[in-house]
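**Student:** mind looking at a prediction? Sequence and model below.
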Amino acid sequence: MNWLIIWIVLYLLLLIYLSLRHVKNTDMEQYLVNNRNTKTLPLVATTMATLVGGGASIGLMAMGYESGFAAVAIGIAHIIGFFIIAKFAGKIRDFGAEHKIYSLPHYLNFIFGHEKQPGFSSFFAKAVSGVNIFIFFFMVAAQFVAMASLLKFSFEIGYNLAAVISAMIVIIYTAIAGLSGVIITDMIQFGAVIIMILLIFIPGIWADTEQLTRLSELDDSMIYGTKYGLIFIIALPVFFSWSVLVRMDIWQRLLAAKSAKIARRVTLWTAAGMLPFYLIFPLTGIAILLTMGDQIDPKYVAYLFIEKHASSTPFIFGFAIVGLLSALMSSGDSFLNIISISAVKDFVKGNSKEALTQKDYNWMKYITVIFGAVALVMALVFPNIVDLMVVSLSTITIFAPITLLALVKKNANQYRKAALLSLSAGFIVNLFFFILGLTNPDIFEAKSSFVPGIIAGTLCLFIGMKFLKEEY
């Protein structure tokens, strides 16, 4: 326990030092997009750190324990998605620099807004940003659930207290530093994750699965990834892969790139670098299933694995816990930073061409604290990390049809009403099927709710483009 405390104290002191370096920074470009001057290595590190946070670490360990290789399919879908966004990465970066775009909602509001229809433009901006903020609450809550699960066992405290402590740490340093601070801390956090995987996870998986030979003990649905049904496993590469194109955290990194060439390079390097993580984390959950049985709460899988393979060496055990916490923080800080930006720049300002003021900058910090508190409440009320992870990552696919339209059509603005129809239909249908899946799991799998959602959104977009065409 002494080594765990020492590691945590050292890590928190480092975070505080790095974050305080940005307290006096009032430059909007630096706070929001790191002056659009970020080079390849830090961008790859911060992007991968965000992607291997709660969703790809504890979340995928829990999912691997629960469903086997269905969790690996999420990784494959993400890699396909990075090749999709690579085609547009340079355009996204340069368009953002030219028009002072700070986020995906800001881009969509810019494309589909119309100065002659201020009422519609304001409503569209609030709809886009509101849906995005709703989705990212689930993402932030997933990080808090995962962090609380680690602290609960590490310090033998209650889950609720652990969740509160976790949330306070992330909220405070995210509010202070903005994206420039997040990028710096992400590089430290990503390095810790790499060391932890090499020291503990790979050797532990190799031992627990007896050089992978015990994988044959899994039932067919876990081996073939069909635990959640065929619809889910087929939909991942076909539909879910498009979620990468519309993830606000990835857009924020592309907008922060120093050049279009770097933006494209980052997407391809990230795609290649993510594959090992999306294999190792599910295999961790599978290893616990094979060695400890199927009666464990999935969100505790990560801690149990670390305890099993590192508790005999307090120095390594403490580092491993802090390494996982850092992975979770690297996602939590990014998501909080993004929704605070969206709340002020996109929801409040809408399509306003006015520059952000110091007052706006301060409000982003206040909203970071408020939204962090809301996500904390969600983590306390709904502590199922697999559902939080899958719902947040999949629901965002409803933005794919209108984002693709905006990127490929020069006159996309004339389809602004069709875009609003598409987003509304996708969100409502997705929400309906998610609730149906939660209340009637025998009828529908809640994790597949994004499939009818994106189908409905796509159909409504095509119909709207035919019948709701407006003056450009």
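**Tutor:** Arrived safely. Computed from a predicted structure; not experimentally measured.

**Student:** now Ile257: phi and psi?
**Tutor:** Small correction: residue 257 is Ala, not Ile. When read as degrees, to the nearest 10, the backbone of Ala257 gives phi -70, psi 150.

**Student:** for it, what are its contacts?
**Tutor:** 36, 38, 43, 89, 93, 263, 266 (Cβ atoms under 8 Å, 6 or more residues apart in numbering). Every residue, glycine included, has its C-beta placed from N, CA and C.

**Student:** please repeat the previous calculation with a cut-off of 10 Å.
**Tutor:** By Cβ atoms under 10 Å, 6 or more residues apart in numbering, the contact list for Ala257 reads 33-34, 36-40, 43, 89-90, 92-94, 96-97, 263-267.

**Student:** repeat that for Leu376.
**Tutor:** By Cβ under 10 Å, 6+ apart, the contact set of Leu376 is 140-141, 144-145, 148, 160, 163-164, 166-168, 170-171.

**Student:** now a ChimeraX select for only the buried ones of these.
**Tutor:** Written as a ChimeraX command, the selection of buried residues from the contacts of Leu376, which uses 16 or more other Cβ atoms under 10 Å, is:
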select :140,141,144,145,148,163,164,166,167,170,171
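
**Student:** make JSON lines out of the contacts of Leu376 and add pLDDT.
**Tutor:** Listed next are these as JSON lines, based on pLDDT from 0 to 100:
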{"residue": "Val140", "pLDDT": "79"}
{"residue": "Ala141", "pLDDT": "80"}
{"residue": "Phe144", "pLDDT": "79"}
{"residue": "Val145", "pLDDT": "80"}
{"residue": "Ala148", "pLDDT": "79"}
{"residue": "Asn160", "pLDDT": "77"}
{"residue": "Ala163", "pLDDT": "76"}
{"residue": "Val164", "pLDDT": "79"}
{"residue": "Ser166", "pLDDT": "72"}
{"residue": "Ala167", "pLDDT": "76"}
{"residue": "Met168", "pLDDT": "78"}
{"residue": "Val170", "pLDDT": "73"}
{"residue": "Ile171", "pLDDT": "75"}
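
**Student:** from the contacts of Leu376, which land in helices?
**Tutor:** Judged by DSSP state H, helices contain the following of those: 140-141, 144-145, 148, 160, 163-164, 166-168, 170-171.

**Student:** need these in JSON lines (columns: distance to Ile370).
**Tutor:** As requested, the ones in helices among the contacts of Leu376 are exported to JSON lines (distance: Cβ to Cβ, whole Å):
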{"residue": "Val140", "distance to Ile370": "12"}
{"residue": "Ala141", "distance to Ile370": "14"}
{"residue": "Phe144", "distance to Ile370": "15"}
{"residue": "Val145", "distance to Ile370": "19"}
{"residue": "Ala148", "distance to Ile370": "20"}
{"residue": "Asn160", "distance to Ile370": "20"}
{"residue": "Ala163", "distance to Ile370": "17"}
{"residue": "Val164", "distance to Ile370": "15"}
{"residue": "Ser166", "distance to Ile370": "17"}
{"residue": "Ala167", "distance to Ile370": "12"}
{"residue": "Met168", "distance to Ile370": "13"}
{"residue": "Val170", "distance to Ile370": "14"}
{"residue": "Ile171", "distance to Ile370": "9"}
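
**Student:** with these in mind, which one is nearest to Gly75?
**Tutor:** Distance to Gly75, by Cβ to Cβ, is smallest for Val145 among these, at 20.4 Å.

**Student:** I'd like to know which elements the helix or strand hosting Phe110 is packed against.
**Tutor:** Taking DSSP states H and E as the criterion, Phe110 maps to helix 104-112. Other elements packing on helix 104-112 under the criterion 3 or more Cβ pairs under 10 Å, 6 or more residues apart in numbering; DSSP states H and E are helix 70-99, helix 118-154, helix 248-255, helix 314-341, helix 400-408, helix 416-439.

**Student:** out of those helices, flag the one nearest Ile280.
**Tutor:** Within the helices and strands packed on helix 104-112, the stretch nearest Ile280 is helix 70-99; the backing value is 9.9 Å (Cβ to Cβ).

**Student:** quick one: the strand or helix carrying Ala302 to helix 118-154, angle?
**Tutor:** Per DSSP H and E, Ala302 falls inside helix 301-310. With axes from the mean of the first three to the mean of the last three Cα atoms, to 10 degrees applied, the angle from helix 301-310 to helix 118-154 works out at 30 degrees.

**Student:** quick one: mean pLDDT for helix 301-310?
**Tutor:** For helix 301-310, the mean per-residue pLDDT is 87.

**Student:** that one packs against which elements?
**Tutor:** Contact here means 3+ Cβ pairs under 10 Å, 6+ apart; on that basis helix 301-310 packs against helix 58-67, helix 118-154, helix 202-208, helix 260-292, helix 314-341.

**Student:** quick revisit: among the ones in helices among the contacts of Leu376, which one sits closest to Ala412?
**Tutor:** Set against Ala412, the nearest of the ones in helices among the contacts of Leu376 by Cβ to Cβ is Val140 (30.5 Å).

**Student:** isn't the closest one up against Met389?
**Tutor:** No. No contact is recorded between Val140 and Met389 when judged using Cβ atoms under 10 Å, the distance being 11.5 Å.

**Student:** quick one, which of the contacts of Ala257 are buried?
**Tutor:** Using 16+ other Cβ under 10 Å, the buried members of the contacts of Ala257 are 33-34, 36, 38, 40, 43, 89-90, 92-93, 96-97, 263-267.

**Student:** what stretches of the stretch 151-300 of the chain score poorly on pLDDT?
**Tutor:** For the stretch 151-300 of the chain, the stretches flagged by pLDDT under 70 are 173-186, 189.

**Student:** hang on, the earlier thing: and Phe281, which of the helices and strands packed on helix 104-112 is closest to it?
**Tutor:** Using Cβ to Cβ, the helices and strands packed on helix 104-112 put helix 70-99 closest to Phe281, at 7.3 Å.

**Student:** can you give me the buried ones in the closest one?
**Tutor:** Judged by neighbour count (16+ other Cβ under 10 Å), helix 70-99 contains these buried residues: 70-82, 84-86, 88-90, 92-93, 95-97.

**Student:** next one: that helix to chain centre, how far?
**Tutor:** Offset of helix 70-99 from its chain centre (Cα atoms, centre = their mean, to the nearest Å): 13 Å.

**Student:** mind listing residues that contact stretch 303-312?
**Tutor:** Residues outside stretch 303-312 that contact it (Cβ under 10 Å, 6+ apart): 58, 61, 65, 146, 149-154, 196, 199-201, 203-205, 207-208, 284-285, 287-288, 291-292, 296-297, 300, 316-321, 323-324.

**Student:** low-confidence stretches in the stretch 301-450 of the chain?
**Tutor:** Applying pLDDT under 70 to the stretch 301-450 of the chain flags the ranges 326-334, 345-358, 360-361, 385.

**Student:** please repeat the previous calculation with a cut-off of 80.
**Tutor:** Scanning the stretch 301-450 of the chain for pLDDT under 80 picks out 311-312, 318-368, 382-394, 438, 446-447.

**Student:** OK, contacts around the nearest residue to Val44 once chain neighbours are set aside?
**Tutor:** Of all residues not flanking Val44 in the chain, Trp269 sits nearest, at 4.9 Å (Cβ to Cβ, 6 or more residues apart in numbering). Shown in contact with Trp269 (Cβ under 10 Å, 6+ apart): 40-41, 43-44, 47-48, 82.
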